[in-house]
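# Provided below are the primary sequence and the corresponding predicted coordinates.
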Amino acid sequence: MERIEEIFTDRIDDPVSAMRTEIDRNALFDLAANIKANGLINPITVRPLGDRFQVVAGHRRLSACRIAGMVKIQCVVRDLDDTRTFEIMAAENIERADVDPVDEAMFITNYIAKTNKTLNEVAISLKRSVSYVRSRLAIGQMPDYMRNYLKSGQLKLGVALILSEITDEQTRHVWTDLAVRDGANAAQAEYWLYDFKRQLLPGGTLSKEPPTGFTPEAPQVVLFECAIDGKKYDMRMMKSLMIYEGNLQYFLSFVSAFNEEPPKTELQSGGD
């Protein structure tokens, strides 16, 4: 059910779970000046809650109307439950370029908690992919310093998602701070992640400091030494091999024979 009403602005409450936690004040005052000059062209959407109303769509416009000194504004009044309210709020806000991923993450996390929807259902409601929703939920699991860097724009989302896979908190904090300091890209973050995983292998040592010669502008490839030829190769091209302990001597004999220098021929030795 939907109707148009003029409602006093002091009877309208802000949304409990607004997607955007911060609003650009300069843009808000510009909007207020525009509304004061031209009126509220698009009415806000509210839902009745007892003898008051709650904003569903148009939170910025309501704030601007209050700044403009408007006591009474035209509203679209709709009877909505919590689930439908969240869906409309998401539809209005998620397409906006000024909504940061941290706000999206908190909103989607709250949305799932309130509606008990699955990832697939949330993705359909938000018109986004499941991987998009999953990435936002991953942000919700990040430590505060990572979310703060994301919110301020100092850390790229792709880099944050890669670094969040580092399970040692001290190491993750070191690399995150370094990523912010040097503006590391996703390729560099992948290198750090590979290096971290390498250090977790048997015989590895978990370093708390950046590797010697680190240069963020030129991501390096993590190299492993091949047990057969002793040469180093890209870690991503390495394969695991399981050998029974009793057969290890045969493997070592093979490696030894493989690396033996071939006998020199008479020609190679300088003979006639």
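Received it, and whenever you're ready, just let me know what you need. Model, not experiment: these values are computed from the prediction.

# now do the helices in the stretch 151-272 of the chain.
157-163, 169-182, 186-199, 248-259 (DSSP state H, counting those that start in this stretch).

# tell me the mean pLDDT over the shortest one?
Averaged across helix 157-163, the pLDDT comes to 93.

# and if you look at the last one?
Averaging pLDDT along helix 248-259 gives 84.

# re earlier: what about the helices of the stretch 151-272 of the chain, which gets the closest to residue 29?
For those, distance to residue 29 was read as Cβ to Cβ. The smallest value, 29.5 Å, belongs to helix 157-163. For the C-beta atoms, the positions are set from N, CA and C on the backbone; glycine is no exception.

# gap between stretch 126-145 and the chain center?
Relative to its parent chain, stretch 126-145 has a centroid offset of 6 Å by Cα atoms, centre = their mean, to the nearest Å.

# for the helices of the stretch 151-272 of the chain, give me JSON lines that also has mean neighbour count.
Shown next, in JSON lines, are those (neighbours: other Cβ atoms under 10 Å):
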{"stretch": "helix 157-163", "mean neighbour count": "20"}
{"stretch": "helix 169-182", "mean neighbour count": "17"}
{"stretch": "helix 186-199", "mean neighbour count": "19"}
{"stretch": "helix 248-259", "mean neighbour count": "11"}
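
# looking at those helices, spot the one closest to residue 106.
Residue 106 lies closest, by Cβ to Cβ, to one member of these: helix 157-163, at 14.6 Å.

# for residue 231, see how far away residue 38 is.
As judged by Cβ to Cβ, to the nearest Å, residue 38 and residue 231 stand 72 Å apart.

# about what we covered before: columns distance to residue 55 on top of the helices of the stretch 151-272 of the chain, output as JSON lines?
Shown next, in JSON lines, are the helices of the stretch 151-272 of the chain (distance: least, Cβ to Cβ, whole Å):
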{"stretch": "helix 157-163", "distance to residue 55": "28"}
{"stretch": "helix 169-182", "distance to residue 55": "35"}
{"stretch": "helix 186-199", "distance to residue 55": "37"}
{"stretch": "helix 248-259", "distance to residue 55": "70"}
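
# and the ones you listed: which comes nearest residue 132?
helix 157-163 (10.8 Å).

# mind checking how far the closest one is from the chain centre?
Chain-centre distance of helix 157-163: 6 Å, with Cα atoms, centre = their mean.

# make 59 the starting number, not 1.
Right, with 59 as the first residue, what we last looked at is helix 215-221.

# quick one: contacts of it?
159, 193, 196-197, 200, 204, 207-208, 230, 233-234, 237, 242-244, 246-248, 250-251 (Cβ atoms under 8 Å, 6 or more residues apart in numbering).

# then stretch 202-212?
With Cβ under 8 Å, 6+ apart as the criterion, stretch 202-212 contacts 158-161, 163, 197, 200, 213, 215, 218, 221-222, 231, 234-235, 238.

# and which of those is nearest residue 120?
For these, the nearest to residue 120 is residue 161 (18.0 Å; Cβ to Cβ).
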